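Undergrad: here is a sequence with its predicted model. Questions after.
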Amino acid sequence: MESLLIDLGISAILALAVTLNALQLAGLLGWVERKGSALIHDRIGANRAAIFGFAGAGLVNTLLADPLKFLTKEDIIPRGADRLLHTLAPCLAVFPALVTFAVIPFGDVLFVGGREINLQVAPLDIGILYVLAMVSLGVYGVVLGGWASNNRWSLLGGIRGSAQMISYELPMGLALVAMIMTYGTLDLQAMCRAQGGTIFGFLPNWGIFYQPLAFLIFLCAGMAESKRVPFDLPESESELISGYFTEYSGMKHLMFFMTDFIEVVIVASLATVLFFGGWQVPFLERDGFHFGETIIALPSLVVTLLGMLAYAVKSLALCWFQIMLRWTLPRFRYDQLMRLGWIGLLPLGFLNVMVTALIILLFGSH
């Protein structure tokens, strides 16, 4: 009984830490997007809100002033709107995004007081199926938010969003199927561990070198699922104001706003785990760095912390890449968006799965 309580306590601490980290990172990415877009456009960016004259390059504006503004704004529900669904929709959008992090491993194993702690909130052996299930649930928040607002533009944004998310789930699923075939497991932690070591003695044994096409498909489909430029047709400010969450204010608007950034982190984290070794560091094993016959011994705690740092750096780099694309590429037309998903990525996904199956049949698995 005591051991069970300790395990539950550890799981609760990990869940709280991962949730708070995801929320803080979403807010930080809002600042990165503002200042990044300012650099790309050759302008200053957010710099007005300050504490005793200290603006922190816009950090005070993004991490303090904006949340206070959202929290103190009046919550307005339009006349004729469905009050229950209007309130429920933001929760249905942000909740599946947050709980997706439960199966994403951010480290290997941490040894504390003789106890082995797996750095994963929910070590499920069907982790990828869990991810697909949570991603699929996110569409309900979008379509209900648009429908419950009693606004034609919001309804159009909700319809666009549901069609787009359902369409791009298919190529994303096929990219994940290719990774399942490559590693022979649905467990994300097992996939990370399978990417240890090197290829030819110098190249990291990462999934991107085995499945480069699956990576491109997954990244494109993941960005479409997050509904950001160049896939922001459900919002498209110039046409639909804010799309499916036009009629939301205050904290509800913030929940929709943060969901977009949380989904950016999810895409980056999953890409890191599936294609860039997750917490794996080249030449780093359980006992330290291995360079041929030379071994640099390190304590177990240091090895684990280096792995967590590697996971964080890789994920942040992919988050930055998505934000760069946000301010680099123009928005697709809706017919181009659907054509890319159904005529471009979907056939490529099927082709990649068939080629992967043929290679496994001829040469064996990873």
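TA: Sure thing, it's come through.
Undergrad: tell me what the helix or strand harbouring M223 is packed against?
TA: For M223, the element it lies in under DSSP states H and E is helix 212-225. In terms of contacts (3 or more C-beta pairs under 8 Å, 6 or more residues apart in numbering; DSSP states H and E), helix 212-225 is packed against helix 152-183, helix 250-275, helix 346-363. The C-beta positions use only the backbone N, C-alpha and C, and glycine is treated the same way.
Undergrad: check contacts around G141.
TA: Counting by C-beta atoms under 8 Å, 6 or more residues apart in numbering, G141 makes contact with A89, P90, C91, L92, A93, V94, P96, F256, T259.
Undergrad: make JSON lines from the residues you listed and add neighbour count, secondary structure and pLDDT to it.
TA: Formatted as JSON lines, the contacts of G141 follow (neighbours: other C-beta atoms under 10 Å; DSSP: H, G, I helix; E, B strand; the rest coil; pLDDT from 0 to 100):
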{"residue": "A89", "neighbour count": "28", "secondary structure": "helix", "pLDDT": "86"}
{"residue": "P90", "neighbour count": "23", "secondary structure": "helix", "pLDDT": "87"}
{"residue": "C91", "neighbour count": "13", "secondary structure": "helix", "pLDDT": "87"}
{"residue": "L92", "neighbour count": "20", "secondary structure": "helix", "pLDDT": "87"}
{"residue": "A93", "neighbour count": "28", "secondary structure": "helix", "pLDDT": "87"}
{"residue": "V94", "neighbour count": "23", "secondary structure": "helix", "pLDDT": "89"}
{"residue": "P96", "neighbour count": "22", "secondary structure": "helix", "pLDDT": "90"}
{"residue": "F256", "neighbour count": "21", "secondary structure": "helix", "pLDDT": "84"}
{"residue": "T259", "neighbour count": "25", "secondary structure": "helix", "pLDDT": "87"}
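Undergrad: so where is the stretch 151-300 of the chain shaky, pLDDT-wise?
TA: 237-242 (pLDDT under 70).
Undergrad: would you map the strands across the stretch 1-150 of the chain?
TA: 109-112, 115-118 (DSSP state E, counting those that start in this stretch).
Undergrad: out of those, which gets nearest to L188?
TA: strand 115-118 (11.5 Å; C-beta to C-beta).
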